[in-house]
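Chemist: sequence plus the predicted model coming up.
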Amino acid sequence: MRVKILDNEYWYGGIVDKGLHMPLDKHSDFVLDMTDVCASLDQSTPLILSTRGRYLWSEKPFSAIFREGEIVCEGQSEVLVSEGHENLKGAYLAACRRHFPFSGRLPNEAFFRMPQYNTWIELQYNQTQQGVLDYAHGIIDHGLPAGILMIDDGWSEDYGVWQFHKGKFSDPKGMIDELHKLGFKVMLWVIPVVSPDCATFRELRKKDYLVKDKDGKIAVREWWNGLSAVLDLTNAGTWSWLKEQLDDLQEVYGIDGFKFDGGDAYFYTGEDQAAEQLLPQEYTSVYNRFALQYDFNELRSAYGFGGQALVTRLQDKQHSWDKSGLNCLIPNSLVQGLLGYAYHCPDMIGGGDVGSDYTRIDEELIVRYAQVSALMPMMQFSLAPWRVLSEKNRDIVRKAALLHVKFSDYIMELACHACTSGEPIIRHMAYEFPEEGFETISDQFMLGDTVLVAPVLIKNMNERIVRLPKGKWQAADGNVYDGDTDICVKVTVEELPYFIRNKA
């Protein structure tokens, strides 16, 4: 199917981590391939939206090739073209109501009100009881607010053996109790795979709970930590088995919830044998549905699951200023909202990619990461600010965390609005202000319809240009500006430029 791109028409959507290439228009030469199992390591949905009030939707993944003023769509099922919705906001709301209406449920309120802390970058694979407690006490001792603490990969006996490693955690119940007394909610990292040389694997193989390849053999798949068998969550028995493991952790230790990592489409093939035959991306959706059983959840990989009470985090980012790091956070987060993933987090502050060189810390970069996150739906720390930052920069980062807490009532109000209306919490400028020329602006965003956020994204910058929509806008310093213009804002490293809309 071919769709002619209109003059002054801009398109967004499909794959979240392609947001930094958007918008796409009649001059674009770009392939947005939602059928590619390796195309995305975070969220995707077979939907693209236009500022001219149109959208393309399919019930299955499809490829959209932007070339020579057209979109050529190819896929396994019909691609619907829906028109007449006036603008980007109209196209999104029409698609949302028809294809992924919001459930009316929210993830736990704590996600929106307080910062999250993840032990991944600080401890990496050396997760230990003492390391986790030292990290938690460091948060409190340095004036950061308690929040959600996620204990990452390395806490368990083995993949698929969801018990605390006895050599690393001598008293896990005591540790969890202490974390709760400090004010933290506690989550554990899990992944839907099983190491192929453990007793659990042999048990699950006998029960036929593992995905098989096209030849009927147990599928052992390569992922970032090695080779593992994959749970068949389309099998009711497997589903019950995994839920029993996780529920037991909650009952015995008081765990509040789980970080559901993995489940990416590349874990599967279209020829796999499972209780239910699905496309690879659809197995990801099954994993998403499993995670919905828990009030405290977080996922990186999601497919076609907009509108549900899932916390979705951007895939791990580099400790860098470029579009593999800080400068992809806003454009990719904006696409998250336009695909219905309203309850999202812009990765770990300073970067969450373990492959980055964390022996060479850029303090200013960490400060700007924190400021970008402060007025998003959620913010998540991992690298310990008190360990790697000067006292001055630690204080700036602490103030960013407290700014998030200050705005938490408003963020919570937006989350409650999202869960019934479907409207994103953070919004593209072109979503909120159509016909004002914001289609290509991807370095500032709206928090709801009231707060315009324009973080500093370039190293050593002491000013930035902010494009204000029509109306009057009050800056954080109290100055009021007339909109419908660009202004040059002087900034220091301490400042996050944001503006409150005067609706009077």
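Modeler: Looks like it came in fine.

Chemist: buried ones in the top helix by length along the chain, by neighbour count?
Modeler: When the chain is parsed with DSSP state H, its longest helix is helix 236-253. Residues of helix 236-253 classed as buried: Thr238, Trp239, Trp241, Leu242, Leu246, Leu249, Tyr253 (neighbour count, 16 or more other C-beta atoms under 10 Å). C-betas here are computed from N, CA, C, even on glycine.

Chemist: quick check: longest strand of this protein.
Modeler: Longest strand in the chain by number of residues (criterion: DSSP state E): strand 43-50.

Chemist: tell me which strands the helix or strand following it pairs with, and in which orientation.
Modeler: Note on strand 43-50: by DSSP states H and E, the next helix or strand toward the C-terminus is strand 55-58. Applying DSSP bridges to the sheet, strand 55-58 is found paired with strand 43-50 (antiparallel), strand 79-82 (antiparallel).

Chemist: in TSV, list those along with distance to Val480.
Modeler: Output for the strands paired with strand 55-58, formatted as TSV (distance: least, C-beta to C-beta, whole Å):
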stretch	distance to Val480
strand 43-50	33
strand 79-82	40
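
Chemist: which parts of the stretch 101-250 of the chain are helices?
Modeler: 110-113, 120-123, 129-141, 172-181, 199-207, 236-253 (DSSP state H, counting those that start in this stretch).

Chemist: mean confidence for the fifth one?
Modeler: By that I understand helix 199-207. In this model, helix 199-207 carries a mean pLDDT of 97.

Chemist: quick one: that helix to chain centroid distance?
Modeler: Chain-centre distance of helix 199-207: 33 Å, with C-alpha atoms, centre = their mean, to the nearest Å.

Chemist: in a helix, Asp316, correct?
Modeler: No. With DSSP: H, G, I helix; E, B strand; the rest coil as the criterion, Asp316 is located in coil rather than a helix.

Chemist: identify the residues contacting it.
Modeler: Going by C-beta atoms under 8 Å, 6 or more residues apart in numbering, Asp316 touches Arg300, Asp347, Met348, Gly351, Gly352, Asp353, Val354.

Chemist: same deal with Ser195?
Modeler: Neighbour list for Ser195: Asp158, Tyr159, Gly160, Val161, Phe201, Ser228, Ala229 [criterion: C-beta under 8 Å, 6+ apart].

Chemist: same thing with Leu414?
Modeler: Applying C-beta under 8 Å, 6+ apart, the residues contacting Leu414 are Pro377, Glu423, Ile425, Leu447, Gly448.

Chemist: got JSON lines for those residues, with pLDDT, secondary structure and distance to Ile15 too?
Modeler: Output for those, formatted as JSON lines (pLDDT from 0 to 100; DSSP: H, G, I helix; E, B strand; the rest coil; distance: C-beta to C-beta, whole Å):
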{"residue": "Pro377", "pLDDT": "98", "secondary structure": "coil", "distance to Ile15": "20"}
{"residue": "Glu423", "pLDDT": "98", "secondary structure": "coil", "distance to Ile15": "21"}
{"residue": "Ile425", "pLDDT": "98", "secondary structure": "coil", "distance to Ile15": "20"}
{"residue": "Leu447", "pLDDT": "98", "secondary structure": "strand", "distance to Ile15": "24"}
{"residue": "Gly448", "pLDDT": "98", "secondary structure": "coil", "distance to Ile15": "25"}
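
Chemist: just to revisit the earlier point, of all the strands paired with strand 55-58, which lies closest to Pro385?
Modeler: Nearest to Pro385, of all the strands paired with strand 55-58, is strand 43-50, at 27.7 Å by C-beta to C-beta.

Chemist: how far off centre is the closest one?
Modeler: 15 Å.

Chemist: immediately after whatever helix or strand Cys419 lives in, which helix or strand?
Modeler: In this assignment (DSSP H and E), Cys419 forms part of helix 408-421. Going down the chain from helix 408-421, the next helix or strand is strand 426-427, by DSSP H and E.

Chemist: partners of that following strand, with directions?
Modeler: For strand 426-427, pairing defined by DSSP bridges yields strand 445-447 (antiparallel).

Chemist: please identify the buried residues of the partner strand?
Modeler: Across strand 445-447, burial judged by 16+ other C-beta under 10 Å covers Phe445, Met446, Leu447.

Chemist: contacts only, for the nearest residue to Gly325 once chain neighbours are set aside.
Modeler: When the adjacent residues along the chain are set aside, Gly325 lies closest to Gln318, with 4.1 Å between them (C-beta to C-beta, 6 or more residues apart in numbering). Gln318 makes contact with Ser324, Gly325, Gly351, Asp353, Gly355, Ser356, according to C-beta under 8 Å, 6+ apart.
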